[in-house]
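Student: Quick one, what's the 3D model for this:
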Amino acid sequence: MRPDPDADDDALRWEGDDDATLAPGWKAVGTPVPLKGAATTAPRTGAGSDADAGTGTGTDAGTEEGDDTVAPAGGAQTGSVELVVLGVLGGVYLLYTIGWIITALRTATPGMSVVGDFMYSLGLWLAVLAAPLWFVLALRGARTARSRLAWLVAGAVVLAPLPFIFGVTA
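Tutor: Sure, this is the predicted structure:
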């Protein structure tokens, strides 16, 4: 006796899977809808709801197709190449931060005066913070991908831990 193949498929479905109210972040065709807050995650009701589509009341089919062509409210999605470049530059900035930490820990203060020693140490530790702050501010502050890349490359040139690279701390 062979088992019924439809019985195996029943384990993969749940009664009411097609109900749009169970998955408010997805359209009926399976494409994600951008979630910007509680107002967009609520199920649609009223004249344009999916329940009206089967009864002939509410909107016509042309309006339903128009809903699928609406552009997402958020910014443009980051491309693969840009993500790889951001990852590489993030690694460079992480190495710069580690280089500045090693420089700050190995370098002795000149011993001129209390104020001078404090200012020298403060400058070293601000240099440690400069690389991660530049990276975060370049990601947040740039309006386009090109300007973000330009700011990150400029920071990679300016913030290099030269005392660590030239071995001044040894």
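
Student: can you map out the helices along the protein?
Tutor: Counting by DSSP state H, the chain has helices at residues 5-10, 38-41, 50-53, 61-68, 80-106, 114-141, 145-158, 162-166.

Student: Take these and write them to JSON lines, including mean pLDDT.
Tutor: Putting these into JSON lines (pLDDT from 0 to 100) gives the following:
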{"stretch": "helix 5-10", "mean pLDDT": "66"}
{"stretch": "helix 38-41", "mean pLDDT": "48"}
{"stretch": "helix 50-53", "mean pLDDT": "48"}
{"stretch": "helix 61-68", "mean pLDDT": "47"}
{"stretch": "helix 80-106", "mean pLDDT": "90"}
{"stretch": "helix 114-141", "mean pLDDT": "91"}
{"stretch": "helix 145-158", "mean pLDDT": "90"}
{"stretch": "helix 162-166", "mean pLDDT": "84"}
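
Student: Tabulate those (CSV), appending mean neighbour count.
Tutor: Glycine gets a C-beta too; all of them are placed from N, C-alpha and C. What follows is the helices of the chain, written out as CSV (neighbours: other Cβ atoms under 10 Å):
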stretch, mean neighbour count
helix 5-10, 8
helix 38-41, 10
helix 50-53, 16
helix 61-68, 10
helix 80-106, 15
helix 114-141, 14
helix 145-158, 15
helix 162-166, 14
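
Student: measure G90 to V115 for me?
Tutor: When distance is defined by Cβ to Cβ, to the nearest Å, G90 is 36 Å away from V115.

Student: show me what contacts the nearest residue to V153 once chain neighbours are set aside?
Tutor: Sequence neighbours aside, L89 is the residue nearest to V153 in space, at 7.5 Å (criterion: Cβ to Cβ, 6 or more residues apart in numbering). Neighbouring residues of L89 by Cβ atoms under 8 Å, 6 or more residues apart in numbering: F135, L152, V153, A156.
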